Each structure stands twice: as structure tokens, then as C-alpha cells.
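Enquirer: pasting a predicted model and its sequence here:
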Amino acid sequence: MSTTELLRSNRSKKPKAPSPSSDDRHTLNPTRFLSMARKSSLIKQALATVLFVVLLYATLNTFLSPAAFSPALPSFSSSSSSSSYDAVGNVVSRDNDPNSNSNPKPVVKVYLYDLPTRFTYGIIEQHSLARGGRPADDVSLLKYPGHQHMGEWYLFKDLLKTESERVGSPVARVLDPDEADLFYVPFFSSLSLIVNTNRQAAGSEERPAYSDEENQVALVEWLEAQEYWKRNNGRDHVIMASDPNALYKVLDSVKNAVLLVCDFGRLKADQGSLVKDVIVPYSHRINTYNGDISVENRNTLLFFMGNRFRKEGGKIRDLLFQLLENEEDVIVKHGTQSRESRRAATHGMHTSKFCLNPAGDTPSACRLFDSIVSLCVPVIISDSIELPFEDVIDYRKIGIFVESNTALKPGFLVSMLREITSERILEYQKEMNELSLLLLLLLVPTF
């Protein structure tokens, strides 16, 4: 059964189901974003337009959403509001804007593939079964589990909204693939990767009930049978692969598609690059700080909690531990992912002035977004990091970047942070808070 057929059978009020397919950094300026694409083909121009819009709302949903569960997501509809928003989030009254109706914003047309259920809700069910859950009578009622790569869920749910729920949205879902600018493939690649709680031991004959690799291969077989994939060899298709290991077995088969990734740490040069792919943010795992902008209750100078021992570029973590673990007013703790660790990390980030953000196995981590929602100034030590929408967000206003070699000089990091005044910390916090408020305005203009 396909995803659309599953949803049809479960909804009394439902959207039109798609027919199964046979197939300068400081300005949020779409024109500037597209100027680079004009140097390339018409397909790349369309991709640039669509990706700017599609990935912007992916950023907003992921950046601001609670991670513990999957709530219903608001759309970019502004039908019930008398105001609209300009390119940098300023409120513009429609009553005073003569161009609001005469010059409508261009709409990006996206075709949502009606994938077989095994690639969407079926993965949610398998994740539940692997953790002791029972088979579901209706898998579409299962909640997508919280984790740091939830963008695939937010994009999927947004595109499933009815036409009436999408009034005013810059993204239009089309049911005719011939009308589409882009084709979105809603495979839950990151969740699929973590369905099994433990990887199969080498040489073991016992097969797990679910195989991520088999599902990856099955997805490629399904895509390669689609007319619209074959038309451009997947170049106008978009696939979310935000976990660094997502789609690892079939990357060479889907590398022509636009990949939505958190970094390029595990991608080869011919598999992913900023020429065609887009960096998307992690979903934060720490509760948002709801207190005032202040340093009064932030008695810890620098905080870090995470895995001390990592591979590749993340080896710097152990070296930083050795330098910092005996420093006054500095807390560095080894911790693995668990509810208890998240509670401890939440408290630590909410009571610290600065939060250490070193590289891990790959250049980026969700810790940066945990720091931002905690109003804990991120200290980023990752020489190869690529950040989401660097042409939109000036990260220098909300964080401190330190080269690895400099950070490892004895005494340098702590001395530098101690010299930063409370007034400057408040400026960082204000920028982080304003960024969150701006994103909230753009995300929920009807509220």
C-alpha cells in the first residue's frame, strides 16, 4: 500500500491525494541567492529557486520545533493575518502595501512522490517494533520519534497539508508531475538508519527484523523505475539525508539528486558539494531557555557535555578535555545520549555563559542549535564546518569561531573567554534571541 492510499483510508477530511507517479551574508534576499544559479543551466536556476524556499521552511521547522515528539506543524499561510513580512522579517501591512496583490510572489511547484508505505510510515512502525512496541492497525497514526534529524518529517508533513491549509505558502504542491519544478522523495533515511538499536555484529548469522540497507536498495529500484527520475537522471529530485550515514549504501545511485545534508563529513567529492546540495540544520535536543536575557544566573564560564572520544576531526575533543577539565568555572563532562544526559545538558547550558562546540566524527553537531536555544554563546572549534544558510545568517553575531590550533594553546581559550565582558555576552544573547523571534515570525505569521 502506498502512503497516499494509507492516508485516504484514515481521513474523513483529507487533502487531494497525489496520483501514484509513473515515474554581504546579512540579507535574506532570494535574488542574491539566485544570482549564482544564473551562471548555470535552466534546471539549476529552478533548483536554486525551489531550494531557497523549501529549505528555508525546513530550517524554521527544525530549528524551532520541540524534539520530544512530533506536533502538528503550522504552515506559512498568512490568510488570516492583515500583515505580511518582507525579506528580512519586517512586518508590512497589507492595507498599506499597494504591491501586495498586484505583484504576487512566485510559487515553487513541488511534486510529492507517493512512496510505498515501507519508506515512510512503515519505518516509524519498525522503529517502534524494535523497541518493544506492538504492530499498529494504522501506521499513519504513529508519532515520528524525536531525534536530531527530524527535518525529513517536517517537510513531509508540510507537503501533505490540504490546499486550504497552504493558502499564502510560497511552496505549491502539484498533483501533476509535469507541472513540477522539483520532485520531493519523502524517504525517512535518517530514521531508517537508527531503527535497529544495535548494529549486527560482524559474522553474526542472526538477521535483524528490519534492514536499512535493504530498504535503501529497494528505494533506488523504485526511483529508477519512475519516468521523471529517468528523465533527468534524478537531477531535479530532492532527498533528505541529514544523518551523516544516511543512504550510505546507495549514495552513488542518488548522488545526482539534490541532497539535504547536515554536513559533507562523510560524502565523497563527487557525491556531495555546495554546488548542488544544501546544508540543513539539526533539530535541537535541549529544551528552549525561557528566561530573560541575562548573565546573572549563568555562573559557569564554559560548558560541554558529550562524547569525549571521537574519530577523525573529533579527536580534538580529548585534547580539549585535557586542557579544560581542571579549569575553574569550566565544566566538561563525558556523556552519551540518554534522557538523563539531556536533562543534565539542559541545566548546564542554561546556566553557562559559553558552550563549547568542537568537531565530532563529522564537522557539525546538533549542539550548536542546542546552544542557540539555550542562549549559551557557542564557541565553535571545527575548521571544516559548513553552517546552514550562511548567506542568510551571520553566525559571527551569535557565536565565536576559534581555529583548532589556536584553541589548543594552553590557557588561550579560557583567558579569551574571561576577557569578554558581560555587556558583550548580552549582545550575543540578544542576537540569538532576535534570530529565534524572527524565525518564529516567518514560521507562524497567522498567530
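Expert: Nice, I can see it.
Enquirer: roughly how far does the residue positioned nearest the centre of the chain sit from Cys366?
Expert: Computing the C-alpha centroid of the chain and ranking residues by Cα atoms, centre = their mean puts Pro281 first, at 3.6 Å. Distance, Pro281 to Cys366, using Cβ to Cβ, to the nearest Å: 8 Å. To be clear about C-beta, it is placed using only N, CA and C from the backbone, and glycine gets the same treatment.
Enquirer: same check, this time on Asn232
Expert: Per Cβ to Cβ, Asn232 is found 33 Å from Cys366.
Enquirer: which non-adjacent residue is nearest the residue nearest to the centre of the chain?
Expert: Distances taken as Cβ to Cβ, 6 or more residues apart in numbering place Pro388 nearest to Pro281, at 4.5 Å, with adjacent residues excluded.
Enquirer: which helix or which strand is home to that neighbour?
Expert: Under DSSP states H and E, no helix or strand contains Pro388.
Enquirer: then the one 4 residues further on?
Expert: Assigned by DSSP H and E, Val392 falls within no helix or strand.
Enquirer: name the helix or strand of the protein that has the lowest mean pLDDT.
Expert: Counting by mean pLDDT, DSSP states H and E, the chain has its least confident helix or strand at helix 30-35, which shows a mean of 31.
Enquirer: could you pull out the strands for the stretch 201-350 of the chain?
Expert: Per DSSP state E, counting those that start in this stretch, the stretch 201-350 of the chain carries strands over the ranges 237-240, 258-261, 278-279, 300-306, 330-334.
Enquirer: mind listing what the longest one pairs with, with the direction of each?
Expert: If I follow you right, that is strand 300-306. Strands that pair with strand 300-306, judged by DSSP bridges, come out as strand 330-334 (parallel), strand 352-358 (parallel).
Enquirer: distance between the shortest one and the chain's centre?
Expert: Counting by Cα atoms, centre = their mean, to the nearest Å, strand 330-334 is centred 27 Å from the centre of its parent chain.
Enquirer: next, the buried residues of that strand.
Expert: By neighbour count on 16 or more other Cβ atoms under 10 Å, the buried set for strand 330-334 is Val330, Ile331, Val332.
Enquirer: which one of the residues you listed sits closest to Glu214?
Expert: Val332 (40.6 Å; Cβ to Cβ).
Enquirer: where does the stretch 101-250 of the chain dip in pLDDT?
Expert: Low-confidence segments of the stretch 101-250 of the chain, defined by pLDDT under 70: 101-105, 198-208.
Enquirer: one more time with 80, if that's ok
Expert: Along the stretch 101-250 of the chain, segments meeting pLDDT under 80 span 101-106, 168, 197-208.
Enquirer: and the stretch 251-400 of the chain, by the same measure?
Expert: Checking the stretch 251-400 of the chain against pLDDT under 80 turns up 283-286, 309-314, 335-339, 360-363.
Enquirer: 50 instead, please
Expert: Within the stretch 251-400 of the chain, no range satisfies pLDDT under 50.
Enquirer: and Glu163, which of the strands paired with strand 300-306 is closest to it?
Expert: strand 352-358 (41.4 Å).
Enquirer: what's next to the closest one, contact-wise?
Expert: Strand 352-358 has contacts (Cβ atoms under 8 Å, 6 or more residues apart in numbering) with 295, 298, 300-304, 314, 316-317, 320, 324, 331-332, 349, 365, 367-368, 370-371, 374, 376-382, 399-400, 417, 425.
Enquirer: and the buried ones among those residues, selectable in ChimeraX?
Expert: Burial among those is assessed by 16+ other Cβ under 10 Å; the matching ChimeraX selection reads:
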select :298,300,301,302,303,304,314,316,317,320,324,331,332,349,365,367,368,370,371,374,376,377,378,379,380,381,382,399,400,417,425
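Enquirer: now do the helices in the stretch 201-350 of the chain.
Expert: Along the stretch 201-350 of the chain, counting by DSSP state H, counting those that start in this stretch, helices occupy 212-224, 227-232, 251-254, 316-324, 339-350.
Enquirer: chain center to the shortest one, what's the gap?
Expert: Think helix 251-254. Put simply, helix 251-254 sits 21 Å off its chain's centre (Cα atoms, centre = their mean).
Enquirer: which residues touch it?
Expert: Residues outside helix 251-254 that contact it (Cβ under 8 Å, 6+ apart): Val220, Leu223, Glu224, Gly234, Ile239, Ala241, Leu247, Leu267, Lys268, Gln271.
Enquirer: try the first one
Expert: Helix 212-224 is touched from outside by 115-116, 118-119, 123, 185, 187, 189, 192-193, 195-196, 229-230, 234, 237, 247-250, 253-254, with contacts defined as Cβ under 8 Å, 6+ apart.
Enquirer: more neighbours: which of Asn232 and Cys366?
Expert: For Asn232 versus Cys366, neighbours defined as other Cβ atoms under 10 Å are more numerous around Cys366 (20 against 13).
Enquirer: who's in contact with the residue lying closest to that one once chain neighbours are set aside?
Expert: Nearest residue to Cys366 in three dimensions, chain neighbours excluded: Tyr282, at 3.4 Å (Cβ to Cβ, 6+ apart). Taking Cβ under 8 Å, 6+ apart as the contact definition, Tyr282 lies against Thr62, Gln148, His149, Ser242, Cys262, Ser364, Ala365, Cys366, Leu368, Phe369.
Enquirer: before we move on, the earlier item: isn't the residue nearest to the centre of the chain up against Phe369?
Expert: Yes - look at Pro281 against Phe369 with Cβ atoms under 8 Å: they come within range, at 5.8 Å.
Enquirer: what separation do you get for Phe401 and Gly133?
Expert: Phe401 is 43 Å from Gly133, by Cβ to Cβ.
Enquirer: Asn405 now?
Expert: 48 Å.
Enquirer: which one's more surrounded, these two?
Expert: Gly133 (13 against 9).
Enquirer: name the SS class of that one, please.
Expert: Put simply, Gly133 is coil when judged by DSSP: H, G, I helix; E, B strand; the rest coil.
Enquirer: in stretch 420-431, what's buried?
Expert: By 16+ other Cβ under 10 Å, the buried positions in stretch 420-431 come out as Ile420, Ile425, Glu427, Tyr428, Gln429, Glu431.
Enquirer: wait, the fifth one sits on Glu296?
Expert: So the one you mean is Gln429. No - using Cβ under 8 Å, Gln429 is not in contact with Glu296; the gap is 11.9 Å.
Enquirer: tabulate the contacts of Tyr282 (TSV), appending distance to Ser341 and secondary structure.
Expert: Shown next, in TSV, are the contacts of Tyr282 (distance: Cβ to Cβ, whole Å; DSSP: H, G, I helix; E, B strand; the rest coil):
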residue	distance to Ser341	secondary structure
Thr62	21	helix
Gln148	13	coil
His149	18	coil
Ser242	21	coil
Cys262	20	coil
Ser364	19	coil
Ala365	14	coil
Cys366	13	coil
Leu368	17	helix
Phe369	17	helix
